[in-house]
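**Q** The following block contains a protein sequence and its predicted model.
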Amino acid sequence: MNFTESIKNELIYSGIIDQTLKVGDIIPNFILLNAFGQAVELQKLLVSGPVVISFFRGSWCPFCNLELAGLQQALPAIKTLGASLIAISPQTTRHTISTVEKHELTYEVLSDRSNMIARQFGIVFQIPEYLRPILESKGHVLPRYNGDESFELPIPATFVVDRDGKIVYAFVDADYTKRLDPIEIVSILRNIPTVSKS
């Protein structure tokens, strides 16, 4: 069994997917630092319109990098619909800066140290000890990226939230190679009544 299948099975058997925030839930307000050390508050973004929140594992994850680039391509359409986009990972600010620069991202990329916010969404899991050497053999030394020894990661997840802070769409999959298509995000936003279509 390969690493992807092992992680997928761990997540399925843990039952964590059933504990994550769902459509209709009100998400907690939060304040996190972006790549440049500036505080970004969710509630202030919601004043202007809906918010798309994408949790990713880190810049070491090739699937995350593809997703981040795809979100950047979809950003103009997302902004035209009056929405904001933020991406969140547990990596340190230094690695967050590197991620922004590498992919020339113009949306907010926030550092959720110790997965404090991801935990409130119910999407945090710990890499089992028997799988950690496999990650390290691929050059993915999590303590170096996240600045702690927890080996905790968020399940890659995307939440679309309306101006009231209510989840109108949630994508959380035990298979970390699967991500919500940015085209679908735009389609979801078009169907939120509060989105400005001017």
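**A** Now that the structure is in, tell me what you want to look at.
**Q** where are the low-confidence patches of this protein?
**A** Scanning the chain for pLDDT under 70 picks out 1, 12, 194-198.
**Q** which ones are touching the residue nearest in space to the middle of the chain?
**A** By Cα atoms, centre = their mean, the chain has its centre lying nearest to Phe55, at 0.8 Å. Counting by Cβ atoms under 8 Å, 6 or more residues apart in numbering, Phe55 touches Ala87, Ile88, Ser89, Asp112, Ala118, Phe121, Ile123, Pro154, Ile155, Pro156, Ala157, Thr158. Yep, even glycine has a C-beta here, placed from its N, CA and C like the rest.
**Q** What's the first helix or strand after the stretch of helix or strand Ile86 belongs to?
**A** If you go by DSSP states H and E, Ile86 is part of strand 84-89. The first helix or strand that comes after strand 84-89 along the chain, using DSSP H and E, is helix 93-103.
**Q** What segments of this structure are strands?
**A** For the chain, the strands defined by DSSP state E occupy 31-34, 39-41, 51-55, 84-89, 108-111, 124-126, 152-154, 157-161, 167-172.
**Q** now Ile16: how far from Gln126?
**A** Relative to Gln126, Ile16 is positioned 10 Å away (Cβ to Cβ, to the nearest Å).
**Q** And these two? Which one has more around it.
**A** Each of Ile16 and Gln126 has its neighbours counted (other Cβ atoms under 10 Å); Ile16 has more, 17 against 13.
**Q** Give the burial count for the residue nearest to the more buried one when sequence neighbours are not counted, as a bare number.
**A** Residue nearest to Ile16 in three dimensions, not counting chain neighbours: Phe125, with 5.7 Å by Cβ to Cβ, 6 or more residues apart in numbering. Residues lying near Phe125 (other Cβ under 10 Å) number 19.
**Q** Also Thr4?
**A** Residues near Thr4, counting by other Cβ under 10 Å, number 12.
**Q** Isn't it up against Thr177?
**A** Yes. With contact defined as Cβ atoms under 8 Å, Thr4 counts as touching Thr177 (6.2 Å).
**Q** circling back to that earlier point, send the alpha carbons of the strand holding Ile86 over as CSV?
**A** Extracted in CSV, the C-alpha atoms of strand 84-89 (Å, rounded to 0.1, in the frame of the first residue of the first chain):
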residue,chain,number,x,y,z
SER,A,84,-12.6,37.2,-1.4
LEU,A,85,-10.2,34.3,-1.5
ILE,A,86,-7.8,33.2,1.3
ALA,A,87,-5.6,30.1,1.5
ILE,A,88,-4.5,28.8,4.9
SER,A,89,-1.7,26.4,6.0
